[in-house]
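K.L.:
Below: sequence and its predicted model.
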Amino acid sequence: MAKLNVNGQVRDVDAEPDTPLLWVLREQLGLTGTKYGCGIAQCGACTVHIDGVATRTCVRPLASVSANQKVITIEGLSKDGSHPVQQAWAKLDVPQCGFCQSGMIMAVTALLKAKPNPSDAEINQSITNICRCGTYNRVRAAIKVVASGGKTASAGLAIQHANGSTT
Ligand code: FES
Ligand code: FES
């Protein structure tokens, strides 16, 4: 039995020490927002924060995470989708199929915490998550919206929404 501090709660988990954290989160704790994509730390779908650091959990053994480290998953980012990154994602209709987006959002929130107004080069260096739907331009635009305090004009995009309105 091991203890994990996840989304502000200390939880007991029962898994082999080499079980990837991803499977403990999904299968033991029911936190299925964190996704499995590649299993080899390449795609970023499985990203959570460990003590604020964006971490790919498919290659992170349970035994390497101690009970006093704070794990935050997409479910713990906000109770109601009100985190500024989530709000920018909704405003700009960033997700397509959505599969990669939990990991993308967790990577972006960690970047913006460290660098509130990142340059394109810093975004390129930090956000290496793979999106099969090709949402990269919207992800970048949404990062700029958050960096500007929520001003959609800073996205540099004229986005037509499904209801006909534009942003
Ligand atoms: S599933 Fe972990 S990086 Fe792809
Ligand atoms: S939104 Fe479909 S994989 Fe990224």
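P.N.:
Structure received. Ligands and ions are numbered 1, 2, ... in the order given.

K.L.:
If I look at the residue nearest the centre of the chain, what pLDDT would I see?
P.N.:
Of all residues in the chain, the one closest to the mean position by Cα atoms, centre = their mean is M106, 2.0 Å from it. With respect to pLDDT, M106 scores 98.

K.L.:
isn't it right next to I50, touching?
P.N.:
No - counting by Cβ atoms under 8 Å, M106 does not reach I50; the two are 10.5 Å apart. Quick note: C-beta positions are derived from backbone N, CA and C, even for glycine.

K.L.:
just how off-centre is stretch 110-125 within its chain?
P.N.:
Averaged C-alpha coordinates place stretch 110-125 at 14 Å from its chain's average position (Cα atoms, centre = their mean, to the nearest Å).

K.L.:
Average pLDDT for that stretch, rounded please.
P.N.:
97.

K.L.:
Straight-line length of it, end to end?
P.N.:
One end of stretch 110-125 to the other measures 13 Å (Cα to Cα, to the nearest Å).

K.L.:
Going forward, the N-terminal residue is numbered 54.
P.N.:
New numbering, starting at 54: the last item is stretch 163-178.

K.L.:
Name the residues of it that are buried.
P.N.:
By 16 or more other Cβ atoms under 10 Å, the buried positions in stretch 163-178 come out as A163, L164, L165, P171, I176.

K.L.:
Identify those among the residues you listed that sit within helices.
P.N.:
Among those, the ones falling in helices (DSSP state H) are A163, L164, L165, I176.

K.L.:
Could you confirm whether stretch 173-191 reaches ligand 1?
P.N.:
No - judged by Cβ under 6 Å from any ligand atom, stretch 173-191 stays clear of ligand 1, getting no closer than 7.6 Å.
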